[in-house]
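**Student:** need a structure here:
(2 chains)
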There are 2 protein chains.
Amino acid sequence: MDKREDSLPPDDLPLTDDRESKREAAAREAENELDEDDRLKPEFVRDVLELAEAGEGEAARERIGRLHPADIADLFELARTDERPMLAAVLGDMLSADVLAEMNDYVREELIDLLNPAQVAELAAELDTDDAVAIIEDMEADEQQAVLDAMEPEDRAAIEDALSFPEESAGRLMQRDLVAVPEHVTVGDVIDRLREDTELTSDFWEIYVVDPMHRPVGTCQLSWILRTPRDIAISDVMKREQTLIPVDMDQEEVALRFQKYALISAAVIDRAGRLVGMITVDDVVHIIQEEAGEDILRLSGAGDGDINEPIRETYSARVRWLIANLGTALVASSIVGFFGGAIEQMVALAALMPIVAGVGGNAGTQTLAVTVRALAMNQLTDSNSWRAIWREMKIAILNGTTIALIAGAATALWFANPQLGAVIAAAMVVNIFVAGVAGVAIPLLLDRLDQDPAVASSIFVTMTTDSMGFLAFLGLAVASGLTSMG
Amino acid sequence: MDKREDSLPPDDLPLTDDRESKREAAAREAENELDEDDRLKPEFVRDVLELAEAGEGEAARERIGRLHPADIADLFELARTDERPMLAAVLGDMLSADVLAEMNDYVREELIDLLNPAQVAELAAELDTDDAVAIIEDMEADEQQAVLDAMEPEDRAAIEDALSFPEESAGRLMQRDLVAVPEHVTVGDVIDRLREDTELTSDFWEIYVVDPMHRPVGTCQLSWILRTPRDIAISDVMKREQTLIPVDMDQEEVALRFQKYALISAAVIDRAGRLVGMITVDDVVHIIQEEAGEDILRLSGAGDGDINEPIRETYSARVRWLIANLGTALVASSIVGFFGGAIEQMVALAALMPIVAGVGGNAGTQTLAVTVRALAMNQLTDSNSWRAIWREMKIAILNGTTIALIAGAATALWFANPQLGAVIAAAMVVNIFVAGVAGVAIPLLLDRLDQDPAVASSIFVTMTTDSMGFLAFLGLAVASGLTSMG
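**Tutor:** Sure thing, here's the model as predicted:
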């Protein structure tokens, strides 16, 4: 059952080797379309688009034919917006439901807009409920209704049911096709029924054992069923400790739960505890990726940050953030304005002050990034938040002292002014310490207030480090008698 | 086989309901240890630690007893460093190999240091190869050798074999326990053999069909086997198109491949194409999470950014970055210094210049975040990088114009100086445009040079936007005759 089968009857060899080499040749050719990072090669993309453009649809289709649906979806994403309708026309039914399910949301929306409701309904019917919902949920209300009207009653009911749950909840993510058996059956019963029921989904990895109220009482991996004699009761094979997902749970929580408990699939239950669906890990993997990656976009105010997003939406998301940033920059600016007289007397302060603010801002961003990640990964709770703040204070003191020594010595030597060096060193210590505390305390506070710590933190932290940098540096310069308020 | 089993013989009901309510009560109690986000409640953590501290080991063990290994691992992470050895002593063998496998690397290292090599060897022997390797690979060379010496020859060989592959490669990630069958067997043969072989792993979701050279020719989901009559040949059930993972592939690529093709498990092959191991999605999920999340830490220079990292290591990672930042800040500072005379004549420039630099820096960070994410997700290739640059230019012009109008009008009114308003507006347009181009071009260039675009980009982008902000603003002020070089 493992490596012991290396030696087979020799009469098998020629046949196998022959087929093997053909398969390998095909694999080599297929590999030519992808680079070492599994991305479509630019030459391939260009060739296919040129063939399609030149009206050589058959040749283009042949080249695309070997691709995985995920790669065909990539091909659309890599084509220019104005090339996509043409590519769709050339592909015809090779632009399958599976390809659409793999496609970037924005690119898919563009293509869906080209289709009539009956075509969309037909594509959606081919997909699992969760993938069909992903395609339909982003449509305008009236288009969505037209598509639903064009669907078979059964598919339509499943999708309407899914759409009744909040966006990004387990109810939208789950599939209704699953295998549930009562406790009293044996392993043999389960296998027989699986063989008989031809309508069943084949994409499942575990089956659920339910009580008479249809509440899950245990989960059973398929490998356990395969390895157990037929006459054993399923209730003796199943695992009773199972992770159940409430149907209204947010998808981010679902993803964290899958990750924490290394789940392959999980039962979804309604409020009465009844089994209503199943979520499988392949539907969760892209959520894990998205959720982990979106903090970086939120911290910078880049909105969805998708390179396929329409420019108008990108502009609107980003400019709002820049305007907010303009507002907070005014605070720092007015502090500088307040010390105008002091700067007039000693213009070197104007040259040095951005250094204090900049390095402080960077130290704050470091702490912020670590805190936002730890919060997103559920590593930081009320049990250890004071410890985390204390930890960042110690690091800030170490960093602040180091940077202060370097910046202070360099300034003292460059301007031949030890007092100026002392002032910038002291300001650095103060600002890096404030940056460390703000970088951990602001996201923790926002989290406690049930706000997303990634969204608003950076604007507050930058405002703090800019203002404090200018205030500490210019204030200390005046206080130490290096300059006066004018 | 699905929801039709709701109605069972009524004589089952009392028994089931009785057990059900006990089970539910236990579940409710267990839920008391976790908050709604699946994190251990602070009260629970404190209670357990106090019990352990007070020498009431039995009571502490009883409270911990119901926890999942992942939650016991969390308990250690939430305890203070000085409490962890005590907690380990109280837990005894409840600190199992599974708990260690779930634990944060830094916390685990602390605990492993408390154990002798024989104890580590015993724990490692209980784990799958990949988890055992994760525990052993971070040890010092001599400690690692001592642990290996204490292991059974078979386990030791498997681990030494895994350690022979580069860190973070598929070879370290894979498990050697898998099910491979020759092509000629039937579904019935497979089931019989699975039932007979008691040594086999039970954590598998697919089996591999291999040719006489032990090269994989197909993959077969367990559900397909369960749903197929016994006399059908396995080669008629398996899927020939399969995603194979070369043993030396980097784990980040492995993760992207699992995600792209929605894999549950994948065969790992050596250079000769022979099946040597299997990677399952549960081992990949945390890599996807880590890789997606680490860009935010790299962009800010926060190193590994783990809140459990020893302070010395955190300090060393972050301070290097701050020193580099100090160096680049000098560039911007010297530009301001060059315009010292101009600032002396018109000190309002000193107050306004941080706004130009700051908002430009923010615009650059937005573009940078989007580009780094798109590169990490393989969305940005040579096929569309010029288009991405062009897209960012258009967005920068829209953003720049909007911000320039607001900042220009506000400045003109506030300082009653329309010319100053025009200068800051023009400087904003220039700097936000430069920020947009730098934010997309710098990471693309670093990626082309096979450098990690997340690591060095932000320092270059910030230097560019700071310097360009000061240069454009002060330079335009002088050029427009608003002030002179002194």
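**Student:** do I have it right that residue A:98 meets residue A:67?
**Tutor:** No - judged on CB atoms under 8 Å, residue A:98 makes no contact with residue A:67 at a distance of 11.4 Å. No exception for glycine: its C-beta is placed from N, CA and C like everyone else's.
**Student:** which of these two has more residues huddled nearby?
**Tutor:** Neighbours per residue, other CB atoms under 10 Å in any protein chain shown: of residue A:98 and residue A:67, the larger number sits with residue A:67, 20 against 17.
**Student:** am I right that the more buried one sits in a helix?
**Tutor:** No - with DSSP: H, G, I helix; E, B strand; the rest coil as the criterion, residue A:67 is coil rather than part of a helix.
**Student:** quick one: list the elements packing against the host helix or strand of residue A:285.
**Tutor:** Following DSSP states H and E, one finds residue A:285 within helix A:281-300. On a contact count with 3 or more CB pairs under 8 Å, 6 or more residues apart in numbering or on different chains; DSSP states H and E, helix A:281-300 meets helix A:170-173, helix A:251-260, helix A:348-376, helix A:453-479, helix B:251-260, helix B:281-299, helix B:348-376.
**Student:** report how many residues lie close to the nearest residue to residue A:460 once chain neighbours are set aside.
**Tutor:** For residue A:460, ignoring the flanking residues on the chain, the nearest one in space by CB to CB, 6 or more residues apart in numbering or on different chains is residue A:442 at 5.1 Å. Residues lying near residue A:442 (other CB under 10 Å) number 22.
**Student:** other SSEs contacting the helix or strand hosting residue A:442?
**Tutor:** Assigned by DSSP H and E, residue A:442 belongs to helix A:418-448. Here helix A:418-448 touches helix A:348-376, helix A:385-414, helix A:453-479, going by 3+ CB pairs under 8 Å, 6+ apart.
**Student:** how about 10 Å then?
**Tutor:** Helix A:418-448 is packed against helix A:348-376, helix A:385-414, helix A:453-479, helix B:311-338, with contacts defined by 3 or more CB pairs under 10 Å, 6 or more residues apart in numbering or on different chains; DSSP states H and E.
**Student:** which one, of those helices, ends up nearest to residue A:303?
**Tutor:** Residue A:303 lies closest, by CB to CB, to one member of the helices and strands packed on helix A:418-448: helix A:453-479, at 10.5 Å.
**Student:** and stretch A:466-484 with chain B, contact?
**Tutor:** Yes - Stretch A:466-484 is in contact with chain B by CB under 10 Å from any CB of the partner chain, via A:466, A:469-470, A:474.
**Student:** just put these in a markdown table and tack on distance to residue B:413.
**Tutor:** Shown next, in a markdown table, are the residues of stretch A:466-484 next to chain B (distance: CB to CB, whole Å):
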| residue | distance to residue B:413 |
| --- | --- |
| A:466 | 23 |
| A:469 | 27 |
| A:470 | 23 |
| A:474 | 25 |
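**Student:** circling back: need the overlap of contacts for residue A:98 and residue A:67.
**Tutor:** residue A:73 (CB atoms under 10 Å, 6 or more residues apart in numbering or on different chains).
**Student:** against residue A:316, how distant is the spatially closest residue to residue A:105 that is not a sequence neighbour?
**Tutor:** Distance criterion CB to CB, 6+ apart; nearest residue to residue A:105, sequence neighbours excluded, is residue A:138 at 6.4 Å. Residue A:138 is 17 Å from residue A:316, where distance means CB to CB, to the nearest Å.
**Student:** between these two, which one's more packed in?
**Tutor:** Shown here are residue A:138 and residue A:316; by other CB under 10 Å, residue A:138 has more neighbours (15 against 12).
**Student:** assumed that one was part of a helix.
**Tutor:** No - Residue A:138 is assigned coil when assessed by three-state DSSP, not a helix.
**Student:** look up how far residue A:155 lies from it.
**Tutor:** Residue A:138 is 18 Å from residue A:155, by CB to CB.
**Student:** then residue A:206?
**Tutor:** Residue A:206 is 25 Å from residue A:155, by CB to CB.
**Student:** who's more crowded, these two?
**Tutor:** residue A:206 (26 against 17).
**Student:** ok, now which ones touch that one?
**Tutor:** A:178-179, A:219-225, A:238-239, A:242, A:263-267, A:278, A:280, B:205, B:222-223.
**Student:** just the ones of those residues in helices?
**Tutor:** A:222-225, B:222-223 (DSSP state H).
**Student:** strands of the stretch 51-200 of chain A, start to end?
**Tutor:** Taking DSSP state E, counting those that start in this stretch as the criterion, the stretch 51-200 of chain A carries its strands at A:180-182.
**Student:** which stretches in it count as helices?
**Tutor:** Applying DSSP state H, counting those that start in this stretch to the stretch 51-200 of chain A gives helices spanning A:57-65, A:69-78, A:84-91, A:97-102, A:105-114, A:117-125, A:129-136, A:141-149, A:153-163, A:170-173, A:187-196.
**Student:** okay, buried residues for the last one please.
**Tutor:** The one in question is helix A:187-196. For helix A:187-196, a neighbour-count test (16 or more other CB atoms under 10 Å in any protein chain shown) marks A:187, A:189-191, A:193-194 as buried.
**Student:** and those residues as CSV, adding pLDDT and distance to residue B:215?
**Tutor:** CSV is the format used below for the buried residues of helix A:187-196 (pLDDT from 0 to 100; distance: CB to CB, whole Å):
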residue, pLDDT, distance to residue B:215
A:187, 94, 33
A:189, 93, 38
A:190, 93, 33
A:191, 92, 30
A:193, 90, 36
A:194, 90, 30
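**Student:** restrict the residues you listed to those near chain B?
**Tutor:** Answer for the buried residues of helix A:187-196 near chain B (CB under 10 Å from any CB): A:187, A:189-191, A:193-194.
**Student:** was I right to think residue A:269 contacts residue A:277?
**Tutor:** Yes - between residue A:269 and residue A:277 there is a contact at 8.7 Å, judged by CB atoms under 10 Å.
**Student:** neighbour count for those two, which is higher?
**Tutor:** Counting neighbours by other CB under 10 Å for residue A:269 and for residue A:277 shows that residue A:277 has the greater number, 25 against 20.
**Student:** so what's the more buried one up against?
**Tutor:** Residue A:277 neighbours (CB under 10 Å, 6+ apart): A:129-130, A:158, A:161-162, A:165, A:170-171, A:173-178, A:245, A:247, A:266-270.
**Student:** any idea how far it lies from residue A:135?
**Tutor:** 18 Å.
**Student:** tell me, what residue is most central in chain A?
**Tutor:** By CA atoms, centre = their mean, chain A has its centre lying nearest to residue A:290, at 0.6 Å.
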